[in-house]
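Q: Predicted model follows, preceded by the sequence.
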Amino acid sequence: MIIGYARVSTDDQKLETQIDALEASGAERIYADKITGTKRARTQLDLMIDQLREGDVVVVTKYDRLARSLKDLLDIVEAIGSRGAGFRSLAEDIDTTTPAGRLVFHVFASIAQFERERISERTREGIQAARKRGRVGGRPPALSPAQRDEVKRMRDEEHRPLAEIARLFKVSTKTVRRVT
């Protein structure tokens, strides 16, 4: 049996494109998760793996839909293989039901992991370079120093309700509470 697996990272993303591609590839049953790939506990993925039988083939549109790290990908494909099932990725044309497909799978997975690590490394380098030039990342403060002083005065001296101060300055009550 050909079994499809689809995953999107956020609720506002749609599964339809992946499901259409999986159905076109002959998937008779499709499992789908709406959860980030960094989370290993994915209910539909775990359910699919539990229900695999000898000779089944798990199909995904791209192998990054299955996992976000090389280790996770290898672990999942190993779990699929231990059930006597194969793995196929449509975009990368990988099919682990053949020896050549297994080789290509491992090469592609290694390259993808290398690229993710390089992106992360370049991001860290960019942040460090920006800091050396005096740039500080993150969100700008919600209140100016003068506003912070006024919030503190209204809160501590006038004993005004936090919700009222928050409304006046158009910030959350947590922001008002954090002002020191």
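A: That came through, no problem.

Q: Show me how the record splits this structure into domains.
A: 2-115, 145-178 (automatic domain parsing).

Q: quick one, which of the ones you listed is packed in tightest?
A: Stretch with highest mean neighbour count among the domains of the chain: domain 2-115 (a mean of 16; mean count of other CB atoms under 10 Å). Using the backbone N, CA and C atoms, a C-beta is placed for each residue, glycine as well.

Q: which residues does the closest residue to E92 other than its chain neighbours contact?
A: Leaving aside its chain neighbours, E92 sits nearest to F108 (5.4 Å; criterion: CB to CB, 6 or more residues apart in numbering). F108 makes contact with Y63, E92, I94, according to CB atoms under 8 Å, 6 or more residues apart in numbering.

Q: Test my guess that L52 contacts S82.
A: No - with contact defined as CB atoms under 8 Å, L52 does not reach S82; the gap is 9.1 Å.

Q: if we can go back for a sec, can you tell me which of the domains of the chain comes nearest to E121?
A: Set against E121 and scored by CB to CB, these come closest in domain 2-115, at 10.4 Å.

Q: now do the same end-to-end measure for that closest one.
A: End-to-end distance for domain 2-115: 30 Å, by CA to CA, to the nearest Å.

Q: Check the offset of it from the chain's centre.
A: Put simply, domain 2-115 sits 15 Å off its chain's centre (CA atoms, centre = their mean, to the nearest Å).

Q: Kindly provide the whole-number mean pLDDT of that domain.
A: Mean per-residue pLDDT for domain 2-115: 87.

Q: I am finished for the moment; much appreciated.
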